[in-house]
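*Asks:* below are the sequence and a predicted model; questions follow.
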Amino acid sequence: MDVKRLRLLREFADRGSVGSVASAMHMTPSAVSQQLKVLTKEAGVDLLEQDGRRIRLTDAGRALVLRADDVIAAVERAQEEMEGYRSGRATVRLAMFPSGAALLLPGVLDRTVDSGIDVRASELDVGYPDASPALADHDIVVTHRDERTAPVRLPRVEVTELMREPVDVAVAVDSAFAARDEVEVGDLADCDWISVEGGFPVDDVLLSISAVTGVAPRVTQRMLDFATIESIVAADHGIALIPRFAVRHPGVKPLTLKGVRAARVYEALTRPAPRKAVAAVVGDLVASAERALGR
């Protein structure tokens with residue numbers, strides 16, 4: 001079977017439609033369809049089937065995608081080795097959520113300066129369920145989840161846990177709560193909250209607060225940028241849940257939250273059996289996380 005056609009099948013598994021594959025691979029939809037038909041003939045079994053107006057992978061197609069991952073990974077490792085002989089450099093595409101990048105990326109870049117690896121980092125701020133599909137465009141996706149959420153378990157995704165970061169309650173330094181170092185969840189029932197969008201780990205903690213207190217938190221503003229959230233809290237327009245290492249504003253004081261589990265877990269997602277440079281950068285992420293934790 002041709003590796004290029006196997007790659008198209010894998011792209012279809014990742015992206016879900018012929019049109020999306022064509023756009024990503026800079027081909028026409030008809031060319032993609034034709035190549036997938038040729039691969040079906042090579043396999044001797046149907047790889048795709050109609051699902052209403054769309055097409056989807058058959059069981060045989062999904063099985064072949066798993067094998068395609070192995071074949072493509074082996075080819076990429078061979079290409080990387082040959083490129084290493086030619087140029088001495090390898091490129092790794094790394095996607096990270098913003099606050100995680102602020103904490104871990106500088107250390108990763110420090111470690112790769114003389115390693116022969118060029119890290120191409122980009123920002124990706126999506127909910128946990130949407131993180132693993134991004135492996136269609138990146139070698140490593142660093143994501144985060146609420147600690148009570150089970151890690152993703154997919155045959156085509158390898159998960160490396162990097163660290164656990166407590167989530168604290170951020171209050172204004174001149175607020176009534178600022179004299180404390182910790183706060184019970186029940187004391188927060190009447191507060192105005194500044195939160196992130198639903199589906200992110202910090203908002204999941206708010207749901208737990210609701211379950212414990214029996215009172216739905218009164219969210220007055222929703223922002224994704226923690227710096228913006230801190231500015232609103234510092235002006236005493238509400239309180240917020242902010243991951244411990246993301247607190248930077250001098251007008252904000254973090255308090256330890258009692259009465260509910262409040263933390264997020266950082267994970268690095270890759271394809272199984274990644275090439276050598278990708279595995280090395282995952283190792284750098286682990287080392288950077290350990291340094292952030294003071295280990």
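*Replies:* Received, thanks. Residues are numbered from 1 along each chain as shown.
*Asks:* quick one, phi/psi of residue 196?
*Replies:* Backbone torsions for residue 196, taken as degrees, to the nearest 10, come to phi -90, psi 180.
*Asks:* got the contact list for it?
*Replies:* Residue 196 makes contact with 202-203, 222-224, 229 under the criterion CB atoms under 8 Å, 6 or more residues apart in numbering. Heads up, the C-betas are built off the backbone N, CA and C, glycines and all.
*Asks:* who wins for neighbours among the residues you listed?
*Replies:* Sorting the contacts of residue 196 by how many neighbours each has (other CB atoms under 10 Å) puts residue 229 first, at 26 neighbours.
*Asks:* in this protein, which spans are strands?
*Replies:* In the chain, the strands defined using DSSP state E lie at 48-51, 54-57, 90-96, 117-123, 140-146, 158-172, 182-184, 192-195, 218-222, 239-243, 252-258, 263-270.
*Asks:* now the ones you listed as a markdown table including mean pLDDT?
*Replies:* Formatted as a markdown table, the strands of the chain follow (pLDDT from 0 to 100):
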| stretch | mean pLDDT |
| --- | --- |
| strand 48-51 | 90 |
| strand 54-57 | 90 |
| strand 90-96 | 93 |
| strand 117-123 | 94 |
| strand 140-146 | 96 |
| strand 158-172 | 96 |
| strand 182-184 | 93 |
| strand 192-195 | 94 |
| strand 218-222 | 93 |
| strand 239-243 | 95 |
| strand 252-258 | 95 |
| strand 263-270 | 96 |
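*Asks:* make JSON lines from the ones you listed and add distance to residue 37 to it.
*Replies:* Converted to JSON lines, the strands of the chain look like this (distance: least, CB to CB, whole Å):
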{"stretch": "strand 48-51", "distance to residue 37": "9"}
{"stretch": "strand 54-57", "distance to residue 37": "11"}
{"stretch": "strand 90-96", "distance to residue 37": "30"}
{"stretch": "strand 117-123", "distance to residue 37": "34"}
{"stretch": "strand 140-146", "distance to residue 37": "31"}
{"stretch": "strand 158-172", "distance to residue 37": "31"}
{"stretch": "strand 182-184", "distance to residue 37": "62"}
{"stretch": "strand 192-195", "distance to residue 37": "49"}
{"stretch": "strand 218-222", "distance to residue 37": "47"}
{"stretch": "strand 239-243", "distance to residue 37": "49"}
{"stretch": "strand 252-258", "distance to residue 37": "57"}
{"stretch": "strand 263-270", "distance to residue 37": "31"}
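*Asks:* burial check on the closest residue to residue 38 other than its chain neighbours, number of neighbours?
*Replies:* Spatial nearest neighbour of residue 38, chain neighbours left out: residue 5 (6.3 Å); criterion: CB to CB, 6 or more residues apart in numbering. By other CB under 10 Å, 20 other residues sit near residue 5.
*Asks:* OK, contacts around residue 5?
*Replies:* 35-36, 38-39, 42.
*Asks:* any idea which of these is the one closest to residue 274?
*Replies:* Distances from residue 274 to the contacts of residue 5, taken as CB to CB, are shortest for residue 39 (24.1 Å).
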